[in-house]
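Q: need a 3D model of the following:
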Amino acid sequence: MHSHSGPSWGRAGTSIARAAILLLFLACAREEKRPAPVEPPPRQGGELRVLSEVAQDLDPVRSDEVYEAVVVRQIYEGLLTLDAGLQLRPALATSWTISPDGRTYSFSLRPGVRFHDGSILDAASVASSLERCIAAHREEPSFASMCLCSIKGAEGRAAGRSSPVEGLRALNERTLEIELSEPLSLFLKVLAMEQTAVTGPGGIGRGGKASLEEQPIGTGPFRFVRRRDDGGIVLGRFDDYWGERANLDSLVFLPSRSVAAGDEAEASPPIEIGALVRGDADYVELPSGTSALARSLGFVVHRTPELSVSFMGLRCDRPPLDDPAVRRAALLAIHREKLVAVDPEGMVPVNGFLPPGMPGRTPGNTMPDPDTEAARALLRDAGYPDGRGLPPLKVAVSEGSSPRLYEPILADLEAGGFTVKTLALSWRQLDSLASAGAVHAFMMSWVADLPDPDAFLYPLFHSTGQSNLFAYRSERVDSLLEEGRRLPLGPARNQVYARLSEILAADAPMIPLYHNSLAHAWRSAVRGIDVGPGGVSLICFREVHLDDGGSDAAHAGTR
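A: All right, here's what the predicted structure looks like:
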């Protein structure tokens, strides 16, 4: 408060009024000097139990699932990291510079960093770890390893030649230089992926996967302790961590089957909520439609959009879907708002091909409005009036999918002039037949490997994309995707992806249906959880603490 800056009080004030004003001024001055309340430091200790599917592989270069990623990110770190808001942050590198031509990156490493086995991090160990990711033996190359092949000389290493990667240079103990063959705008984000995390020299020296499974060695805030008999994983605080130490003593990832209550009445809550109620778990991801129940039981519930899209894929090399007009008719026939109405809590409407939270996403709607009559008109102009002469459209769905989701889609296609035949398949059959082009259409979901539009669109729609299940070929789209990889992050690059969304909506190799929204729940005594669009895998569990001093005390009498 600054009483001297207010309007004039006039000349008729009394001494009592002046005294009151003086007292008010002094009181305000005292209030201004009063120190702000100090937040108590986080309570140390305790065990946090996270309900999760089993993490099969703790070798970062083979990490393929979110259940593996969340564990890997606690044990290992990369040169950079992503926070819950998907912003790049320093990790093992304190700073970096990029040459004007966008091809040479120089990283200054954090001093005094130790691996869990006590060895010291240096530039040579980082270079060796990145070389290992380039040469990783996998059934299919990962998005990270393919991007790392933009490093000069990396393609030879990926092909099995043992020569060092020319573009990876340890200039001294704390300086790593990486030279690319050509600019790659998302390269820094690739270095924040779990697949590019730095593995300890002990793990590499003992031969890779087997040794990392037995004893994962990283630099992260938690160290590997053991794998439980049920497949769960126990991590402990790493006391020699280079940064602020974790508050928790231990972090346990429990498989769902280990907390199942057995044969119960049908009215019993889902496994995830039951685990919270019984005190078996402290943090869970909720199944669709259960947020209200979790809140009513007193648990903290947080919902966030996932960087994903659920879609119907169309084979562009299979008649009649090789005609863009027929594909566009299918897109116009489907009333996407009906799907969101099935589960308003768990589904987010689409306005294009990129999900909410993804950089480069167009704020406006690039998707045409559903229009049954326009769909029928397109089929008529393509030579199929009222669908006559149009062969049945075989649509493959996962046998685990709810009919509430796909039946409205099939009904809309029928109303638009298509004759539809449904194939309910196991996930492996669906994946195999879609990859082989043995079905006209298929329903799947796609989750981005990292928060960049290239990671979402290039694998799906580039003619050489490793996940182009649509047999889609477009020179314009290829050219724009390649331009997006070269352009620096910013408005000009975002415009490229906005243009791509428009072209893809017109060509319709895929029909986006909805984006997923994930719900997370945890006990009220759990503090410090920050979950964003990246989901559980980007939670910084180092900052999490328990208000009650530990899960055992918190759950006394509840088991």
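Q: from now on I want contacts and neighbour counts done on CA atoms only, so please keep to that.
A: Fine.
Q: what's the nearest residue to Pro451 if we skip its chain neighbours?
A: Distance criterion C-alpha to C-alpha, 6 or more residues apart in numbering; nearest residue to Pro451, sequence neighbours excluded, is Met358 at 5.8 Å.
Q: got a list of what that neighbour touches?
A: Residues counted as contacts of Met358 (C-alpha atoms under 8 Å, 6 or more residues apart in numbering) are Leu307, Pro451, Asp452, Pro453.
Q: same check on Ser99?
A: Ser99 touches Tyr105, counting by C-alpha under 8 Å, 6+ apart.
Q: strands of the stretch 301-450 of the chain, residue ranges please.
A: 308-314, 347-348, 393-398, 420-425, 441-447 (DSSP state E, counting those that start in this stretch).
Q: helices and strands around the shortest one, which ones?
A: It stands for strand 347-348. Contacts defined by 3 or more C-alpha pairs under 8 Å, 6 or more residues apart in numbering; DSSP states H and E place strand 347-348 against helix 336-342, strand 510-522.
Q: right, and Pro359 touches Ala455 too?
A: No - contact criterion C-alpha atoms under 8 Å: Pro359 and Ala455 do not qualify, at 11.0 Å.
Q: okay, now the unreliable bits of this protein?
A: For the chain, residues meeting the criterion pLDDT under 70 lie at 1-39, 137-139, 202-210, 261-267, 549-559.
Q: related to what we said a few turns ago, nearest to Ser426, out of the helices and strands packed on strand 347-348?
A: Taking C-alpha to C-alpha, strand 510-522 is the member of the helices and strands packed on strand 347-348 nearest to Ser426, at 20.9 Å.
Q: what about dumping the CA coordinates of the closest one to PDB?
A: Output in PDB follows, covering the C-alpha atoms of strand 510-522 (Å, rounded to 0.1, in the frame of the first residue of the first chain):
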ATOM      1  CA  MET A 510      -6.200 -41.800 -42.000                       C
ATOM      2  CA  ILE A 511      -9.400 -40.600 -40.300                       C
ATOM      3  CA  PRO A 512      -8.600 -39.100 -36.900                       C
ATOM      4  CA  LEU A 513     -11.400 -40.100 -34.500                       C
ATOM      5  CA  TYR A 514     -10.500 -38.700 -31.100                       C
ATOM      6  CA  HIS A 515      -7.500 -38.000 -28.800                       C
ATOM      7  CA  ASN A 516      -7.200 -39.900 -25.500                       C
ATOM      8  CA  SER A 517      -7.300 -38.200 -22.100                       C
ATOM      9  CA  LEU A 518      -5.600 -40.000 -19.200                       C
ATOM     10  CA  ALA A 519      -6.700 -39.800 -15.600                       C
ATOM     11  CA  HIS A 520      -4.200 -40.300 -12.700                       C
ATOM     12  CA  ALA A 521      -5.100 -40.700  -9.000                       C
ATOM     13  CA  TRP A 522      -3.000 -40.800  -5.900                       C
END
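Q: which strands or helices does that strand pack on?
A: strand 283-286, strand 300-305, strand 308-314, helix 336-342, strand 347-348.
Q: okay if I get the ones you listed as a markdown table plus distance to Pro164 and mean neighbour count?
A: Listed next are the helices and strands packed on strand 510-522 as a markdown table, based on distance: least, C-alpha to C-alpha, whole Å; neighbours: other C-alpha atoms under 10 Å:
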| stretch | distance to Pro164 | mean neighbour count |
| --- | --- | --- |
| strand 283-286 | 43 | 23 |
| strand 300-305 | 42 | 19 |
| strand 308-314 | 37 | 23 |
| helix 336-342 | 51 | 17 |
| strand 347-348 | 47 | 22 |
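Q: so which of the strands of the stretch 301-450 of the chain is nearest Asn468?
A: strand 308-314 (9.8 Å).
Q: so Ile217: helix, strand or coil?
A: Under DSSP: H, G, I helix; E, B strand; the rest coil, Ile217 falls in the coil class.
Q: and stretch 496-514, how far from the chain's centre?
A: When C-alpha coordinates are averaged (C-alpha atoms, centre = their mean, to the nearest Å), stretch 496-514 and its chain have centres 21 Å apart.
Q: same question but for stretch 478-492, I mixed them up
A: 21 Å.
Q: kindly report the same for stretch 233-244.
A: Per C-alpha atoms, centre = their mean, the centroid offset for stretch 233-244 relative to its chain is 24 Å.
Q: sort out which residues of it are buried, please.
A: Neighbour-count burial for stretch 233-244, counted by 16 or more other C-alpha atoms under 10 Å, picks out Ile233, Val234, Leu235, Gly236, Arg237, Phe238, Asp240, Tyr241, Trp242.
Q: filter the residues you listed down to the ones in strands?
A: Using DSSP state E, Ile233, Val234, Leu235, Gly236, Arg237 are the members of these that sit in strands.
Q: in terms of contact, does the fourth one touch Arg223 like I think?
A: Yes - assessed by C-alpha under 8 Å, Gly236 is found in contact with Arg223 at 5.3 Å.
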